[in-house]
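Asker: Got a predicted model here, sequence first, then my questions.
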Amino acid sequence: MKIKHAVRIMALLFILMVLAILGAQLYSTRTVSPVGDQLDRNPAEPGIFRIAFGSCNKQWKPNYMWRAIINCKPDLWIWLGDSIDAATEDMEYLKSQYDKQKQSHDYAELRKKCPIIGTWDDNDYGMKNGTRHYIKKAESQQLFLDFIDEPKDSPRRKQDGVYASYRYGNPGKQIKVILLDLHYNADMPGPDSDLLGNAQWEWLEKVLRDSRNDIVIIGSSLQLLSCEHPYEHWGNYPKSRKRILQLLVDAKPILAIIISGDRHLAEISKLDDPLLPYPLYDVTSSGLTHHVDFFYHLRAFFSPEKNQCRGENPFYQNNFGVIDINLSGVSCLAHLQIRDQENRVQHQQAVGLK
């Protein structure tokens with residue numbers, strides 16, 4: 001009888017534990033509407049080019065971030081991947097999910113307010129942790145470019161991958177945005193694996209070589225500097241990571257900043273490279289509609305996530321990123337920000353020459 005009683009108690013405790021975990025999971029992933037007016041308390045000053053960016057958007061969930069982003073009055077919006085969540089080989093379904101996102105009222109308003117560019121990650125590429133082996137990648141590429149309104153005669157529609165570069169500003173002080181494709185030509189992760197493919201590497205080397213007098217923003221769907229955590233990052237492709245950092249050292253643009261997504265959290269990482277005249281920052285913004293859940297925090301409790309390049313602790317709620325670039329002054333200066341859905345600045349960093 002005592003054994004049966006003990007078994008019943010243990011079973012009850014197990015059920016209670018499961019219910020507690022499920023409850024905590026549901027609570028951590030709930031959608032919470034803003035409590036404020038989402039107005040911008042840190043508006044851009046004259047002579048500032050403002051870039052807003054973000055990633056990880058579930059098209060079926062309410063996205064309260066768009067109103068805050070619109071209120072920021074960005075000069076440019078950059079998607080850093082997972083603009084929708086639709087890993088599939090069904091192209092009709094993929095198109096329908098892009099259409100659903102474009103029909104969002106607030107997102108449609110943002111499209112009218114500023115240019116929108118971007119790259120993809122695995123969930124809008126169409127294959128979870130997608131590599132070059134995804135059989136629908138060519139068709140998926142065209143649907144993604146349709147989504148961001150890429151012109152029909154764009155070179156991006158004729159190449160293998162969605163990588164691209166754009167210039168903004170006036171001659172003498174310009175911003176070059178370089179968007180990378182980390183899936184179309186990617187090998188499976190490994191010590192000798194390649195992430196970009198030969199054609200993209202050749203293109204990137206040329207683009208950076210021509211950027212010596214530019215402020216360079218590199219859009220990467222995965223983190224470049226933080227590579228100690230167990231999730232996707234450039235460190236899973238160590239040769240590729242070393243190669244792109246060397247390209248930046250060789251090119252030496254006026255200023256280089258990395259922006260990244262994917263993680264369902266936000267943080268600013270910093271690398272002091274003695275061969276660069278400035279610290280290299282990687283601003284991670286993720287996600288727009290969802291963030292790390294209870295299981296992430298449970299895992300982190302027993303095995304805290306490491307990032308030797310991290311400054312402040314990550315911000316774990318829904319977020320978007322902002323970069324204000326001074327195009328009017330003599331010195332090069334940028335302000336990096338992570339903002340929440342109330343439009344409050346949670347992390348910020350001023351960047352200039354050493």
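Answerer: Noted; the coordinates are in hand. Numbering: from 1, shown residues only.

Asker: what separates I178 from D210, distance-wise?
Answerer: 11 Å (Cβ to Cβ, to the nearest Å). All C-beta atoms are positioned from the backbone trio N, CA, C, and that covers glycine.

Asker: typed the wrong thing, it's P191
Answerer: 31 Å.

Asker: between I178 and D210, which one's more packed in?
Answerer: I178 (23 against 14; other Cβ atoms under 10 Å).

Asker: so how far is the host helix or strand of that one off the chain centroid?
Answerer: Secondary structure from DSSP states H and E places I178 in strand 173-179. With Cα atoms, centre = their mean, to the nearest Å as the basis, strand 173-179 stands 17 Å off its chain's centre.

Asker: Please enumerate the strands of the protein.
Answerer: 48-54, 76-80, 116-119, 164-170, 173-179, 214-220, 255-260, 267-271, 280-284, 319-326, 333-340, 345-352 (DSSP state E).

Asker: Output the ones you listed as TSV; include the columns mean pLDDT and distance to Y134.
Answerer: Shown next, in TSV, are these (pLDDT from 0 to 100; distance: least, Cβ to Cβ, whole Å):
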stretch	mean pLDDT	distance to Y134
strand 48-54	97	24
strand 76-80	98	19
strand 116-119	98	15
strand 164-170	93	20
strand 173-179	94	19
strand 214-220	97	19
strand 255-260	97	21
strand 267-271	97	29
strand 280-284	98	24
strand 319-326	97	27
strand 333-340	96	31
strand 345-352	94	34
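
Asker: which sections of this structure are below the confidence cut-off?
Answerer: Low-confidence segments of the chain (pLDDT under 70): 1-2, 5-7, 11, 13-30, 329-332, 353-354.

Asker: can you list the domains in it?
Answerer: 1-30, 41-352 (automatic domain parsing).

Asker: Can you tell me, leaving aside adjacent residues, what's nearest to the residue nearest the centre of the chain?
Answerer: The structure's the chain has its C-alpha centroid closest to G261; by Cα atoms, centre = their mean the separation is 2.0 Å. Sequence neighbours aside, S55 is the residue nearest to G261 in space, at 2.7 Å (criterion: Cβ to Cβ, 6 or more residues apart in numbering).

Asker: Hmm, H290 and that neighbour touching each other?
Answerer: No. With contact defined as Cβ atoms under 8 Å, S55 does not reach H290; the gap is 10.9 Å.

Asker: Settle it for me: which of these two has more neighbours?
Answerer: Relative neighbour count places S55 above the other of S55 and H290, with 32 against 20, counting by other Cβ under 10 Å.
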